[in-house]
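okay, here's the prediction I keep looking at, along with the sequence it came from:
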Amino acid sequence: MLTVWATIVKELTELRRDLSGLLVLLVMPMALVLIVSLVQDNVMRATGEAPIRVLFVDRDDGALGKSIEEQIRKAGGIELVSRWKGREPTEEAARRAVARGDIQFCIIIAPGTGEALRGRLRERAEASFVPAKGKRIKPAEGAKVAGLTLCFDPTVQGALRTAVVGSLQKAVLGIELKEEAAILGETFTKTVRKAFAERMDPLFSARAPELPEFVFRLDTDPVLTLSEETAGNGRMVKRPTAAQQNVPAWTLFGMFFIVVPLSGTLIRERQTGTFRRLMTMPVSRAGLLAGKVAAYVLVCLAQSALMLAAGVLALPVLGVPGLAFPPGWPAVLPIALAAALAATGYGILVGTLAKSYEQASMFGAVSVVIAAAVGGIMIPAYVMPRYMQEISALSPLAWGLSAFQEVFVRGGGLRTSCRETGLLLIFFALTMTIAWLSLKKYRSGD
Amino acid sequence: MGEGILQVRQLAKVYPGAGAPAVDGLDFTVFDGEIFGLLGPNGAGKTTAISIICTLLRPTAGEVLLCSLDTARHPSEARRLFGLAPQEVALYPRLTARENLRYFGRLYGLAGRALARRIDECLALVGLDAGRDMRLDRFSGGMKRRANLAAAILHAPRVLFLDEPTVGIDAQSRNTILENLGALRRAGATIVYTTHYMEEAEQICDRVAVMDKGRIIAEGAPRALIDRVEGCANLEGFFLHMTGKNLRD
C-alpha cells in the first residue's frame, strides 16, 4: 500500500512541476470542448436543429408572396429574411449572397407569378366540370407555371436542402389547394346555372328562383397529425443541445489524451534507468502500476470535472446553451471513472510497448484520434457505412460516448449504461494485464 | 577471510538466439566490508552478471548467494539486502533530491521521522545537504551522480552495487565520490564496483576480478595482479595485457 501511495505522491508532484504537461492535460481539452461545442452549436443550427434562414425576394408583390410567407411561418423550421444588409435585396443581390455563401438559401418569386398561377388554376378547375356524357376539356400541354425559384449554396448538405424544398413545396401545395377550392366554388355555381338555363323552358326560367352561390372552403391543415417524440427513457423533456452531445464526447477525447504524458513518463523511466532501479527494489510491478494508475485516474477525473464544469458554466457565457445535468446524472461518476481507467490503462500499455518517446507520443496521439473518429466523437456512428459502424463498436471511445449519451441525451442512468461501463472496465483489465506481462522482461529474475 | 557475503557459483547466462553465452561459468566471492572491482572490456558480460546478481535476470545456470540467501529463490528478500546505483542517473529530474530519496525510501518501507533522518544522513554523506531542496534537473553532472549514490545507500544495504558511478563527471566530483566510497567502506559497507577507469579501481578496490568473454580471467588484489606481469606498472597495463588491445565494440 505504501508503494501505491508513494507512487501517487511522486507522479502528482512530477505532474505539478510539468507546466506543458499540465497544459496538455487540463487547458487544451477544456479549450477543445468549448471551441467544438461553439462550432457544433452553429452546425446544429445549420442542419435543422434551429430555424434555417432563407432570404425571401418577392418581385411578384401580390397575394402569392404573402401566402407563401404565411404558410412557411406557420410550418416553422424556416426563418424568412426579407431584408439583406438593411435593404430589400434585388434578385441579383440575393443570388450573389447565396453564391458567396453569406446565406445558404433564397426564394425568388418572379413578377406575374401569382397571376399566372391563378389563371392556370382556373383553367384546371373549369376542365374539372364536365357533364357525365359530355366531352372533357383537355388542359393545355406543359401549362405548368414557372416563376418560383429556390436558390441554394452548393455546400449545403443534401438532407438540409431536401428539408427546405419540402417545406416550400408544402406551402405551395397549400396555397394551390386554397386557390383551387375558391375557383372551384365560382366555377361550380357558374356551370350549374348555365346548365339550368340551357335545359329549362325560357317561360319558366324567368320565374325560377336564382340558384344559390356555392363557395368551397378547404382547410389545408392536415387532419392526421404527426406527433414527434424523442426515443429513450422518456425523462428528457427537452431536445438535446450541442453541449449535451459534444461536451461529454470531447471530454472523453481529452481523457484519452492522457496517453501522451503517461506513456512518456514510463518511457523516461526506462531511458533514465529509473525503472531498472525500481525493479531491483522490494516492490511489485503491480504495486508500481497501481500507483501510476491511481495518480493518472485522479488527473483524468479532475480533467473531466473541469471540462463538464466548462460545459455548464462557460458555454452560456459564450452565448450557447450550456450542459444540463439530467435526472440520471449520478451515473456520470462511474462512467467517468471507467473511462478514466480505460484511458490510463491504454496509456500504460502504450508506454510499456513503445520503444521511444517519439514512438509513444506519435502512436498514442494518432491512435486516440483514430479511435475518436471511428468511435463517433467527430461524426455520429449512425451516418457511417455499415462496415465502419461494425468497427466503431470496437472503439473504447464509442463505449464511453454511448454510456455518456445514455445519460446526457437519452435520460438514462447507471442501469442502462452498465454494458458500456463494463466494456470500459474489461478494456482496462486487458491493457493492464498485457502491460504487466510485458514488464516482466525487465525483471525476469522473479 | 571467512564466508563471503556474496557468493557467485558457476553462473551462466545464454540469451535466446545468441551464439555464445554472455556469462559463462562465473565464479567469485565478495567478503564482508571489502570493495570488489569487476572489470572488463565492453561486452565482457559485467552488466549481465550484475543484472543476474541484482535479480533482474534469471540465470541459465549457477547460483548467487547473498548473505547466504539464494537470490533466484528469494528475490524479494534479496532485494532488501543490496542497493544499486545504475550507470545512468536513475532519478526523477523534476523532483528535488529530498523528494527523490523520499520516494525510494518509502518503496523500501521507510517512513516518518526515520526516513527523514536517513535522507538527511545520506545527502550529508554525499555532500548534498545544501542542495537537498533543489530540483535534480538543476543539478550539475557531479551532483546528480552523488544523488544517485545517495539513493542507493538509503536503506543501509549489506552490499552496494555501483555501475560506473564516476562516468562523465569532472575531477572534483569524481574525487568526492571516491571519498564518499571510502567513508562507506570505513562504515562497514561491502561494495561491488564496475568501472572502466583502472586507476580508480587500483585506488579504492581491495580486490578486482577481470572479466572477458563471460569468464573471470584474473582475480586478486590490484597490486598482486600488477606484480604478476613483468614490466607492468599499473592496473591498466595488467588489464590490457590480459584482454588485449583490440577494440571490442
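Thanks, I have it. Numbers count the residues shown, from 1 in each chain, chains lettered A, B, ... in the order given.

what residues does chain B have near chain A?
Contacts of chain B with chain A, taken as C-beta under 8 Å from any C-beta of the partner chain, map to B:51-52, B:54-58, B:71-72, B:75-77, B:79-80, B:82, B:84, B:86-95, B:99, B:102-104, B:106-109, B:111, B:135, B:151. For glycine as for every other residue, the C-beta is placed from the backbone atoms N, C-alpha and C.

recalculate using a threshold of 6 Å.
B:54-58, B:75-76, B:79-80, B:84, B:86, B:88, B:90, B:94, B:103, B:106-107 (C-beta under 6 Å from any C-beta of the partner chain).

buried ones among those?
Buried subset of the residues of chain B next to chain A (neighbour count, 16 or more other C-beta atoms under 10 Å in any protein chain shown): B:54-57, B:75, B:79-80, B:84, B:86, B:88, B:90, B:94, B:103, B:106-107.

before we move on, the earlier item: from the residues of chain B next to chain A, which land in helices?
Secondary structure from DSSP state H places B:75-76, B:79, B:103, B:106-107 of these in helices.

and stretch B:62-81, average pLDDT?
Taken as a whole, stretch B:62-81 has a mean pLDDT of 92.

could you show me where the helices are in the stretch 101-250 of chain A, in order?
Remark: helices assigned in the stretch 101-250 of chain A by DSSP state H, counting those that start in this stretch are A:113-128, A:158-199, A:202-205, A:242-256.

and the last one, what does it pack onto?
Packed against helix A:242-256, as judged by 3 or more C-beta pairs under 6 Å, 6 or more residues apart in numbering or on different chains; DSSP states H and E, are the following elements: helix A:28-44, helix A:285-309, helix A:332-353, helix A:396-408.

could you find the closest non-adjacent residue to A:A110?
The shortest distance from A:A110 to any residue other than its chain neighbours is 3.9 Å, reached at A:G147 (C-beta to C-beta, 6 or more residues apart in numbering or on different chains).

likewise for A:L22?
Nearest one to A:L22, counting by C-beta to C-beta, 6+ apart, is A:L15 at 6.5 Å.

again with A:Q71
A:A171 (3.5 Å).

ok, the one you found to A:L64 distance?
10 Å (C-beta to C-beta, to the nearest Å).

also B:R80?
Distance, B:R80 to A:L64, using C-beta to C-beta: 95 Å.

show me what B:G83 is bridged to.
B:L160 (DSSP bridges).

out of the helices of the stretch 101-250 of chain A, which one sits most buried?
helix A:242-256 (a mean of 26; mean count of other C-beta atoms under 10 Å in any protein chain shown).

what's the mean pLDDT across that helix?
Here the average pLDDT along helix A:242-256 is 86.

show the subsequent helix or strand relative to it.
In the C-terminal direction, the helix or strand that comes right after helix A:242-256 (DSSP states H and E) is helix A:259-271.

so for stretch B:146-159, what gets flagged as buried?
B:146-155, B:157-159.

what's in contact with the helix or strand A:I426 falls within?
Taking DSSP H and E as the definition, A:I426 sits inside helix A:414-438. Counting by C-beta atoms under 6 Å, 6 or more residues apart in numbering or on different chains, helix A:414-438 makes contact with A:285, A:331, A:334-335, A:338-339, A:341-342, A:345-346, A:348-349, A:352, A:396, A:399, A:402-403, A:406, all of which sit outside it.

same thing but at 7 Å, please
A:233, A:285-286, A:289, A:331, A:334-335, A:338-339, A:341-342, A:345-346, A:348-349, A:352-353, A:396, A:399-400, A:402-403, A:406-407 (C-beta atoms under 7 Å, 6 or more residues apart in numbering or on different chains).

deepest in the core, which of the helices and strands packed on helix A:242-256 is it.
Taking mean count of other C-beta under 10 Å, helix A:396-408 is the most buried of the helices and strands packed on helix A:242-256, at a mean of 26.

helices and strands around it, which ones?
For helix A:396-408, the packing partners by 3 or more C-beta pairs under 7 Å, 6 or more residues apart in numbering or on different chains; DSSP states H and E come out as helix A:242-256, helix A:332-353, helix A:357-374, helix A:414-438.

pLDDT averaged over that helix - what is it?
90.

what angle sits between that helix and helix A:414-438?
Helix A:396-408 runs at 160 degrees relative to helix A:414-438, counting by axes from the mean of the first three to the mean of the last three C-alpha atoms, to 10 degrees.

ok so, going back, can you list the helices of the stretch 101-250 of chain A in a markdown table and add distance to A:F428?
Output for the helices of the stretch 101-250 of chain A, formatted as a markdown table (distance: least, C-beta to C-beta, whole Å):
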| stretch | distance to A:F428 |
| --- | --- |
| helix A:113-128 | 66 |
| helix A:158-199 | 38 |
| helix A:202-205 | 96 |
| helix A:242-256 | 12 |
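
which of the ones you listed comes out lowest on mean pLDDT?
helix A:202-205 has the lowest average pLDDT among the helices of the stretch 101-250 of chain A, namely a mean of 67.

can you tell me how far the closest residue to chain B within the stretch 101-250 of chain A is from A:T280?
Closest to chain B within the stretch 101-250 of chain A is A:W250: 28.9 Å, counting by C-beta to the nearest C-beta. Distance of A:W250 to A:T280, given as C-beta to C-beta: 43 Å.

then B:E77?
Applying C-beta to C-beta, the value for B:E77 to A:T280 is 13 Å.

do A:G319 as well
Taking C-beta to C-beta, one finds A:G319 at 58 Å from A:T280.

can you tell me the centre-most residue of chain B?
B:L162 (2.1 Å; C-alpha atoms, centre = their mean).

can you name every helix or strand that the lengthiest helix in chain B contacts?
Secondary structure of chain B read by DSSP H shows that its longest helix is helix B:171-186. Applying 3+ C-beta pairs under 7 Å, 6+ apart, one finds that helix B:171-186 contacts helix B:141-153, strand B:190-194, helix B:198-204.

mind redoing it with 8 Å?
Other helices and strands packing on helix B:171-186, by 3 or more C-beta pairs under 8 Å, 6 or more residues apart in numbering or on different chains; DSSP states H and E, are helix B:112-125, helix B:141-153, strand B:190-194, helix B:198-204.

give the buried residues for it.
By 16+ other C-beta under 10 Å, the buried positions in helix B:171-186 come out as B:173-174, B:176-178, B:180-181, B:184-185.

just want the angle from that helix to helix B:141-153.
Using the same axes, to 10 degrees: helix B:171-186 against helix B:141-153 is 20 degrees.

neighbours of A:S417, how many?
By other C-beta atoms under 10 Å in any protein chain shown, the residues close to A:S417 number 25.

need the pLDDT of it.
On the pLDDT scale, A:S417 gets 87.

cool, the one 3 residues further on as well?
With respect to pLDDT, A:E420 has a value of 92.

skipping adjacent residues, who's closest to it in space?
A:A403 (3.8 Å).

also A:Q40?
Closest to A:Q40 by C-beta to C-beta, 6+ apart is A:A242, at 4.4 Å.

can you check A:A342 too?
A:L424 (4.3 Å).

would you mind listing the outside residues contacting the helix or strand containing B:I50?
Per DSSP H and E, B:I50 falls inside helix B:46-53. Helix B:46-53 has contacts (C-beta atoms under 8 Å, 6 or more residues apart in numbering or on different chains) with A:445, B:6, B:8, B:11, B:13, B:22-23, B:26, B:38-40, B:57-59, B:64, B:66, B:71, B:82, B:84, B:161, B:163, B:192, B:194, B:211, B:214.
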